[in-house]
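Task: produce atomic coordinates for the following.
(chains A, B and C)
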Amino acid sequence: MKTLTIHQVYQALLTLHGPQGWWPLQNLASPYHPGDYSYPHTAAERWEIALGAVLTQNTAWTNVEKALQNLQQQGLSHLPAIQAVDETSLGQALRPAGYFRQKAKKVKILASFWPNFDRQRHLPLAEKRERLLALWGIGPETADSILLYAHQEPIMVIDTYTKRILRALGVLDAQANYDDWQQYVHQEFPRDYKMLQELHALLVAHAKIYFSRQGPATSPLMSIGKAKGKRADKF
DNA sequence: AACCAGGACGTGA
DNA sequence: TCACGTCATGGT
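Residues are numbered from 1 along each chain as shown, chains lettered A, B, ... in the order given. Alright, predicted model coming up:
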């Protein structure tokens, strides 16, 4: 079946939605503006991205924002405060983000690991990825989100939205696993962190509008490509 | 009132 | 490996 290339998808989404400019955290000193890929500049900003990557696991970003507001109000935005607070209290602040007991544990583990890891951010990508994956609570998507957005490493994030859109376009079959998806994108798309950030952010923005499980919207991508069906109905 | 949201882990086969 | 249950709050 004839399908769009990843690069064609990227160009189409860029025309449709414009530059996204992730990561969309709110507590940052220097917010991430579309077109500005020099961010993040400071250790505090890199930590906020890592924190947000854990909090948004299978969770709507609006709920993550509420949890981040709680942390700020309770003086728990910075790393030392999170390291000092007990897990139960941290969990209460994280309640709006869901899975609050698990996420409190995950955040405590990541917080103790982060300073040394961030200090060694010049280490090889593969080694850093292994170290992240060795942590309880950090899976492939969270690890790659941290590497791509906090450390500006050229690695693709594969989330449910990415798979949903690319599968609907007939890119890979249903039995592909995370590494299969990632290798495919890496083969077909420039290994450039700025472009990979935009590609992923654009896929998420597009999916929120046109690939929600409830919404009736029909994606313009489906008419550009030759994929059959207006939108994927089962994933 | 079910269903869903930018996953990851533990378990059993 | 891999499918399946579990974790949890807030919006639609």
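
what's near enough to touch the residue nearest the centre of chain A?
The centre of chain A sits closest to A:Ser145, judged by Cα atoms, centre = their mean, with a distance of 4.4 Å. Taking Cβ atoms under 8 Å, 6 or more residues apart in numbering, we find A:Ser145 in contact with A:Ile49, A:Ala53, A:Val157. Every C-beta, even on glycine, is put in place using the N, C-alpha and C of the backbone.

close to DNA strand B, is the particular helix or strand that has the first one in it?
What that stands for is A:Ile49. For A:Ile49, the host element (DSSP states H and E) is helix A:43-55. Yes. Under the criterion of Cβ under 7 Å from any atom of the strand, DNA strand B is reached by helix A:43-55 at A:Gly52, A:Ala53.

Restricting to C-alpha, output that helix in PDB.
Extracted in PDB, the C-alpha atoms of helix A:43-55 (Å, rounded to 0.1, in the frame of the first residue of the first chain):
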ATOM      1  CA  ALA A  43      19.100  22.600  35.500                       C
ATOM      2  CA  ALA A  44      15.800  23.700  37.100                       C
ATOM      3  CA  GLU A  45      14.200  23.700  33.700                       C
ATOM      4  CA  ARG A  46      15.600  20.300  32.800                       C
ATOM      5  CA  TRP A  47      14.300  18.900  36.000                       C
ATOM      6  CA  GLU A  48      10.800  20.300  35.400                       C
ATOM      7  CA  ILE A  49      10.700  18.500  32.100                       C
ATOM      8  CA  ALA A  50      11.700  15.200  33.600                       C
ATOM      9  CA  LEU A  51       9.100  15.700  36.400                       C
ATOM     10  CA  GLY A  52       6.400  16.400  33.900                       C
ATOM     11  CA  ALA A  53       7.300  13.400  31.800                       C
ATOM     12  CA  VAL A  54       6.600  11.100  34.800                       C
ATOM     13  CA  LEU A  55       3.400  12.900  35.800                       C
END
